[in-house]
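Engineer: pasting the sequence and the predicted model now:
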Amino acid sequence: MIAPAASQRLRPAPAMAAFAMLAVAAVVSVITGAADLPVRGVVLEVVDRIPLLEVDSGFTARQRDVLWQLRAPRMVIGAVVGAALAVAGAAYQGVFRNPLADPYLLGVAAGAGLGATLAIITGLASTPLLPAAAFAGALVAVIVTYGLAKLGGAGRTTATLILAGVAVASFFTALQTYVQQTSSDTVREVFAWILGRLATFGWSEVLLVVPFVAVSAAVIVAHRRHLDVLAVGEGEAAALGLDVGRVRVLVVLAATLATAAAVAVAGLIGFVGIIVPHAVRLLTGASYRVIVPLSLVGGAAFLVFADIAARTIVSPAELPIGVITAFFGAPFFAMILARSRGAG
Amino acid sequence: MRRTVALLLVSLALVATACGDDTQPANDTSFAGDAATTTTAAATSTAPPADAITTSGVETTTSALETTTTTAVAAKVFPITVGSDAGPTTIEAPPVRIAALSATHVEMLYAIGAGERVIAVDLFSNHPAEAATKPALDSFNLNVEEVIATDPDLVVLSFDPVGAVEALEAVGIPTLLLGTATTLQSSYDQMKLLGSATGLEAEATQLVEQVAADIDAAVAAVGDRAAGITYYHEADPFTFYTPTSESFIGQIYGLFAMENIADAAPDAAGQTFPQLTPEYIVDADPEMIFSTDPSGDVTQYEQREGWGAMQAVASGDVYFLDPDIASRWGPRLADLVAAIATALIDHVG
Amino acid sequence: MSTVRLHNVTAAFGKRPVLDDLSLTVPSGGSLAVIGPNGAGKSTLLNAIAGLVAYHGEISVGTTPMRAMARSTRARLVALVPQSPLFPAGMTVFDYVLLGRTPHIPYWRSEGAADVAITRMSIKALDLSDLEDRSVDTLSGGERQRAVLARALTQKPEVLLLDEPTTGLDLGHQQTFLELVESIRHERGTTVISAIHDLTVAARCAAEMVLLSGGVVAATGSPATVITEDLVRRHYGAAVEVIATSGGPVVVPLVDQTTPSTTEPTK
């Protein structure tokens, strides 16, 4: 009799399912759009890109540009941003032992937004200082949120951290809105930012964001075992030999960096960090060894799907992607809040 | 529970795949060739455009400004590089499929004779009447692929919150970003720029001269009778953000040497749109009030607390401007100036 | 080898000292029961040995002082079964017990086959094999205590610290648990220090006993010498009768029966 694999290690079936979803999302994303690109042509174009293979897709130069300069980078950005936000959410949930923790709800995203905005209005938009500014803002926000929550004292519940996060988020978003409005006639840009936008990216943005997200994701994935140890509380984790302080600092830094990179490039997109890790939990159980990697892939798939919806639901116009994620996220949030009520 | 959710996700994925599979067009006609083949000079016309600017009831007098006689410009050699707010753009050949997603620039294009080349407009493009019949796109929630789907060879935008310029350039579509005019001259410059971009430089120059002449005429008709008259231009009846004389429309009023009450507002220093309070406005008691409310209903002013006692309200000096004309900076600027002139003449008697 | 020595240990929370210049020794492989009234410092003592609270003085296991030890080294040496362990929802028993291998797994690595095997063995030793895949928060009290003990064993410690391990367990489970601990101590030569609430049970489960009161050692020795009516009255403020039996002293609380019951019907 084969002993059951009791340890919640990442099994091949869920991993393959997640990648399959991402593949489907990616394919649908590049064949969807107002500019008419026939499916057959798209397939041939992709095949043509495979080294050593040469086929003629029959596309005009413009069609090729739409595919490779608009749709493909947009899909990749969506995947990278989705992965970043989802894995950051899982990481925050593990470190703060709070099922409601999410980059948006903790105010981290708003902090990143303020940092990025300040960088933009001081003329540093195209430099590496933009993500650095976003990161600085995000870091300040998470520290303030955590500090505020600690002031809650003995009455602390899971909701206290989120309340602190909402307060911080509101404050930073208000500051950011103010800054944007005083700098020039950019009211529309403010709204475009606040609800998130995956619109119209070239590969330069992709290259800007990918290294940060890759490093952060690597750090968080490397700490997935440690997040499981933290689940029994800091005292017991320390007694088990875990360097709790070091783990928390590294994981929070990584999650904050991932969030900052995502926000710097795509604006405020909320709830991804809640929806995806919890969906994974529902399907595969509570071990971070499974949740972290699956959130990475699942988050990518989720945001690409959300972007497809944003582009097609109110066609010919385009919805900000934050609307889609909030639409699905809010009920999710309510459900988790109800379940975790009273949990300390 | 787990299985249900899993099934749900799988079916979602399948549905998404199904939705993405477009019907393949039998004939791929949507991208009908990249290069325009029309010759450059053929499109130029020497007669003034059909929807010429009509000046309302004001004598036309020749202006004193220097009129550079525009001889028919020899066929301009394309490709040319034009600069807009988004930087320089190279236009290979005179555009014949222009997506002008800005009401002001639609008016400009029609006025220089490029109207039939406009293939897409934005939701607010209602002038001239033919423009309103063209396919309209949402310029606020811009969907770049929708723009591309109209197969334009030139795109004109007046604002770009989503980075559409970058995207369109990436696909090889020249795009001009022409933001809200800050001075009368910048408005003229934009008209000339569109002229260069479309190979209709002569027409554009002529248009600019015509508009300038009409404006001068309207101003001259009033003479110095308007000098020093205080006015309040209501841009926002809810929050009272008001243009000062430094703003674009303020400069228009400035042509008549009128005085804007917003200039002296407490926080107005350095701002073109300070927020006033109703108390301040009542206190300043301007001689004339200009409103862009399309209803033209004066009673709303009479009903406001304390406003009934203002001289402008009491003596019927609340004037209504067409909101479209007052918010755009295209060829109908002359109409705006003329409307203000008419109001002034009515006021001073 | 795994002798536990405390020398002039003082631990304080703010200004108030909880452990006051405490010194004691537990021989390698021995068992010590720590008793005392609430607030005497029993938990703090165990936590100090586990390195969870700051202290002045010296604590050593064998010849090594604990203070200088790296956290993971300490966790390989000392395992703590806390008073109120946290049982995360959704964590399987297997994963919970596997947590005990944390100090043995290098920081950047995952568990290996050896870790899995040791975990399996601990689970088997504590009769939890059928519950491997169950979520820990669905276990009964007795099963939970066994799971925590299994986790502690997986650490392969030389010193086992038990903080009120039988709280909330019924008699049967209490007995089973304590017998398990004893057999582990015999098999592996682990030094066991337990903080126990119930004096009679404490007397049964250790050869040596220490009475902590007000952060200092009030009495030390065999259970019979430490548990006396006088000491109990003095430090617990309770009147009891101590009955000596062959197995050790039995403590019986004395309830005053002379005052009439106020609930008797007057009719």
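Structural biologist: Cool, the structure landed. Residues are numbered from 1 along each chain as shown, chains lettered A, B, ... in the order given.
Engineer: contacts and neighbour counts: CA atoms only from here.
Structural biologist: Will do.
Engineer: from chain C, how far out is B:F290?
Structural biologist: Distance, B:F290 to chain C, using CA to the nearest CA, to the nearest Å: 67 Å.
Engineer: next structured bit after the helix or strand containing that residue?
Structural biologist: According to DSSP states H and E, B:F290 maps onto strand B:288-291. Next along the chain after strand B:288-291, taking DSSP H and E as the criterion, comes helix B:299-303.
Engineer: doesn't B:L176 lie inside a helix?
Structural biologist: No - the assignment for B:L176 by DSSP: H, G, I helix; E, B strand; the rest coil gives strand, which leaves it out of any helix.
Engineer: could you find the closest non-adjacent residue to it?
Structural biologist: Distance criterion CA to CA, 6 or more residues apart in numbering or on different chains; nearest residue to B:L176, sequence neighbours excluded, is B:V156 at 4.8 Å.
Engineer: and the one you found, that's in a strand?
Structural biologist: Yes - counting by three-state DSSP, B:V156 is located in a strand.
Engineer: ok, now which ones touch the spatially closest residue to B:Q275 that is not a sequence neighbour?
Structural biologist: Leaving aside its sequence neighbours, B:Q275 sits nearest to B:Y241 (CA to CA, 6+ apart; 4.1 Å). Shown in contact with B:Y241 (CA atoms under 8 Å, 6 or more residues apart in numbering or on different chains): B:A235, B:F273, B:P274, B:Q275, B:L276.
Engineer: on that earlier part again, tell me the mean pLDDT over the strand holding B:F290?
Structural biologist: Strand B:288-291 comes out with an average pLDDT of 93.
Engineer: now stretch B:139-151
Structural biologist: Mean predicted confidence for stretch B:139-151 is 87.
Engineer: cool, and stretch C:169-176?
Structural biologist: Over the span of stretch C:169-176, the pLDDT mean works out to 84.
Engineer: quick revisit: what's the residue nearest to B:Q275 sitting at in phi/psi?
Structural biologist: Phi and psi for B:Y241, reported as degrees, to the nearest 10, are phi -70, psi 120.
Engineer: against B:G349, how distant is it?
Structural biologist: Distance of B:Y241 to B:G349, computed by CA to CA, to the nearest Å: 30 Å.
Engineer: what's across from B:T175 in the sheet?
Structural biologist: Here B:T175 sits in beta bridges with B:V155, going by DSSP bridges.
Engineer: ok, it - contacts?
Structural biologist: Going by CA under 8 Å, 6+ apart, B:T175 touches B:T89, B:L154, B:V155, B:V156, B:L157, B:V165, B:L168, B:E169.
Engineer: format the residues you listed as CSV; extra columns: neighbour count and pLDDT.
Structural biologist: What follows is these, written out as CSV (neighbours: other CA atoms under 10 Å in any protein chain shown; pLDDT from 0 to 100):
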residue, neighbour count, pLDDT
B:T89, 18, 89
B:L154, 23, 95
B:V155, 26, 95
B:V156, 21, 95
B:L157, 22, 94
B:V165, 24, 88
B:L168, 23, 90
B:E169, 16, 88
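Engineer: which residues of the stretch 1-150 of chain C lie near chain A?
Structural biologist: C:50-52, C:71-76, C:79-80, C:82, C:85-92, C:94-95, C:99-100, C:102-103, C:108-110, C:132-133 (CA under 8 Å from any CA of the partner chain).
Engineer: of the residues you listed, which belong to strands?
Structural biologist: Among the residues of the stretch 1-150 of chain C next to chain A, DSSP state E puts C:A79, C:L80 in strands.
Engineer: out of the residues of the stretch 1-150 of chain C next to chain A, list just those in helices.
Structural biologist: C:R71, C:S72, C:T73, C:R74, C:A75, C:R76, C:F94, C:D95 (DSSP state H).
Engineer: which ones are touching the nearest residue to A:V272 once chain neighbours are set aside?
Structural biologist: Once flanking residues are discounted, A:V272 sits nearest to A:A86: 5.5 Å by CA to CA, 6+ apart. A:A86 is in contact with A:V272, A:G273, A:I274, A:I275, A:V276, A:P277, A:S295, A:L296, A:G298, A:G299, counting by CA under 8 Å, 6+ apart.
Engineer: list just the nearest of the residues you listed to C:D127.
Structural biologist: Closest approach between those and C:D127, by CA to CA: A:P277, at 33.4 Å.
Engineer: that closest one - how many residues pack around it?
Structural biologist: Using other CA atoms under 10 Å in any protein chain shown, the number of residues around A:P277 comes to 31.
Engineer: just checking, B:L142 touches B:F159?
Structural biologist: No - assessed by CA atoms under 8 Å, B:L142 is found out of contact with B:F159, at 10.3 Å.
Engineer: ok so, going back, restricted to buried residues, select the ones in helices among the residues of the stretch 1-150 of chain C next to chain A in PyMOL.
Structural biologist: Buried members of those, defined by 16 or more other CA atoms under 10 Å in any protein chain shown, are picked up in PyMOL with:
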select buried, chain C and resi 71+72+74+75+76+94+95
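Engineer: per-residue confidence for A:R71?
Structural biologist: For A:R71, pLDDT reads 90.
Engineer: how about the closest residue in space to it that isn't next to it in sequence, secondary structure?
Structural biologist: Distances taken as CA to CA, 6+ apart place A:V30 nearest to A:R71, at 5.5 Å, with adjacent residues excluded. Three-state assignment for A:V30 (three-state DSSP): helix.
Engineer: next up, the contacts around A:V30.
Structural biologist: Listed by CA under 8 Å, 6+ apart, the contact set of A:V30 reads A:V42, A:L67, A:R71, A:A72, A:M75.
Engineer: for those, could you give me JSON lines that also reports neighbour count?
Structural biologist: Formatted as JSON lines, those follow (neighbours: other CA atoms under 10 Å in any protein chain shown):
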{"residue": "A:V42", "neighbour count": "21"}
{"residue": "A:L67", "neighbour count": "23"}
{"residue": "A:R71", "neighbour count": "24"}
{"residue": "A:A72", "neighbour count": "21"}
{"residue": "A:M75", "neighbour count": "26"}
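Engineer: those in helices, which ones?
Structural biologist: Using DSSP H, the contacts of A:V30 in helices are A:V42, A:A72, A:M75.
Engineer: fine by me, we can end here.
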